[in-house]
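[1] Got a predicted model here, sequence first, then my questions.
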Amino acid sequence: MFIKYVMRTNIISCTPETSVAEAHEIMRKNNISKLPVADHGKLVGIVTKNDLNKATPSDATTLDMWEISTLLTKITMKKIMSANPVSVGPEEVVEEAARLMVDNQVGCLPVVKDGALVGLVTESDLFHLFTDMFGAGKEGVRATFLLNDEPGQIGKVAEGVSRENGNIISVVTSEVPNQKEKMITMKVADISLEALKAILEGCGKVEDIRQF
């Protein structure tokens, strides 16, 4: 799946000239913790709530409220933002975006096309996609099983499900230490637990099967 199908396009952003006080208010009003910084539509940086907190005087400061307020209106995003943030294009695949988040320890990625900020994808967006991939919230039989890592193995399971008039909702494969096998998590609707278990036992080893 491509990023363009999961990214948020109603982007809330700020400019390099936005002050810390203004950025705080934008985040508060919109209940967000990350803010892309764009200059005439072009992505130039990103700022987080943690960045804003670091730029705010601590409770131990000797400044009075008026001085703090004045200071926060003078410090701009240009001074505290992370410039040239890691980003992706709308045609990038979601698993690559997830890898970039993990490798760079960031919770969101701006989406850029021809230099322009066109969207934002967050770890929350990918988490929702993850739950959809597993068919969470949909009724059916969920099974986790091992198949030999050979061509046609999933096809055999699909044929068995088809014979029982079952409807496969989701299929997710994952690696296991034994490289000769694959772990499959499958959710199937319109089939009994017993019927699906019989199909799977004829194809591989059932690790877990349950009705939802």
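    Great, that's in hand. Numbering: from 1, shown residues only.

[2] The helix or strand of the chain with the lowest mean pLDDT: what's the following helix or strand?
    Here the helix or strand of the chain ranked lowest by mean pLDDT, DSSP states H and E is helix 65-74, holding a mean of 63. Next in sequence after helix 65-74, counting helices and strands by DSSP states H and E, comes helix 77-80.

[3] Contacts for that next one next, please.
    Helix 77-80 has contacts (C-beta atoms under 8 Å, 6 or more residues apart in numbering) with 14-20, 23, 35, 37, 45, 47, 51-52, 54-55. Yep, even glycine has a C-beta here, placed from its N, CA and C like the rest.

[4] Tell me which helix or strand the most centrally placed residue in the chain sits in.
    Closest residue to the average C-alpha location of the chain: residue 126 at 2.0 Å, with C-alpha atoms, centre = their mean. Element membership for residue 126 (DSSP H and E) is helix 123-133.

[5] Please write out the alpha-carbon positions of that helix in CSV.
    Only the C-alpha atoms of helix 123-133 are listed here, as CSV (Å, rounded to 0.1, in the frame of the first residue of the first chain):
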residue,chain,number,x,y,z
GLU,A,123,2.9,6.2,13.8
SER,A,124,-0.8,6.3,14.8
ASP,A,125,-1.8,6.1,11.1
LEU,A,126,0.4,3.1,10.6
PHE,A,127,-1.0,1.5,13.7
HIS,A,128,-4.5,1.8,12.4
LEU,A,129,-3.4,0.3,9.1
PHE,A,130,-1.8,-2.5,11.0
THR,A,131,-5.0,-3.4,12.8
ASP,A,132,-6.9,-3.2,9.4
MET,A,133,-4.3,-5.6,7.9
